[in-house]
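Enquirer: got a predicted structure here, sequence first:
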Amino acid sequence: MDKIFTTPQAREIWEAIPKVYQTKISNNVYCGKCHKMITIVNFTGEAMQSSLVLKGKCKRCGYDVARVIEGESVR
Ligand SMILES: [Zn+2]
């Protein structure tokens, strides 16, 4: 799973998340085109205040998907 983080803070938030939960998150992203939960691939992480925004593509159809992770909820 390749991940690119735009800032060290984004990486820090992601790495603070337990591995099991990281997998859970990336396997449960809603795709607006598939109308279901899909796996996000080729995503980048962007820190927005205490939250982390994952932006990537739907594994099934390639549509742009995003997932916001609240900083507090992962601690
Ligand atoms: Zn899709």
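Expert: That came through fine. Because the structure is a prediction, the values reported are computed rather than measured.

Enquirer: spit out the contact partners of Ser26.
Expert: Met1, Thr39, Ile40, Phe43, Leu54, Arg67 (CB atoms under 8 Å, 6 or more residues apart in numbering). Placement of C-beta: from N, CA and C, glycine included.

Enquirer: would you mind measuring from it to the ion?
Expert: The gap separating Ser26 from the ion is 14 Å, by CB to the ion, to the nearest Å.

Enquirer: dig out what Lys55 forms beta bridges with.
Expert: Assessed by DSSP bridges, Lys55 has beta-bridge partners Thr44, Ala66.

Enquirer: re earlier: which of the contacts of Ser26 are buried?
Expert: Thr39, Ile40, Phe43, Leu54, Arg67 (16 or more other CB atoms under 10 Å).

Enquirer: model confidence score at the second one, please.
Expert: To tie it back to what came earlier, the one meant is Ile40. Ile40 is assigned 97 on the pLDDT scale.

Enquirer: I figured it hits Arg60, correct?
Expert: No: taking CB atoms under 8 Å as the definition, Ile40 is not a contact partner of Arg60, at 10.7 Å.

Enquirer: now name the helix or strand holding Lys57.
Expert: For Lys57, the host element (DSSP states H and E) is strand 51-58.

Enquirer: for that strand, give me every contacting residue.
Expert: 10, 13-14, 25-26, 29, 31, 33-34, 38-47, 63-71.

Enquirer: just the buried members of these?
Expert: 10, 13-14, 25-26, 29, 31, 38-41, 43, 45-47, 65, 67, 69, 71.

Enquirer: among the residues you listed, name the ones in strands.
Expert: Members of the buried ones among the contacts of strand 51-58 lying in strands (criterion: DSSP state E): Val29, Cys31, Ile38, Ile40, Val41, Phe43, Gly45, Glu46, Ala47, Val65, Arg67, Ile69.

Enquirer: tell me the one of those residues nearest Tyr21?
Expert: Ile69 (9.3 Å; CB to CB).

Enquirer: can you tell me the closest non-neighbouring residue to that closest one?
Expert: Leu52 (4.5 Å; CB to CB, 6 or more residues apart in numbering).
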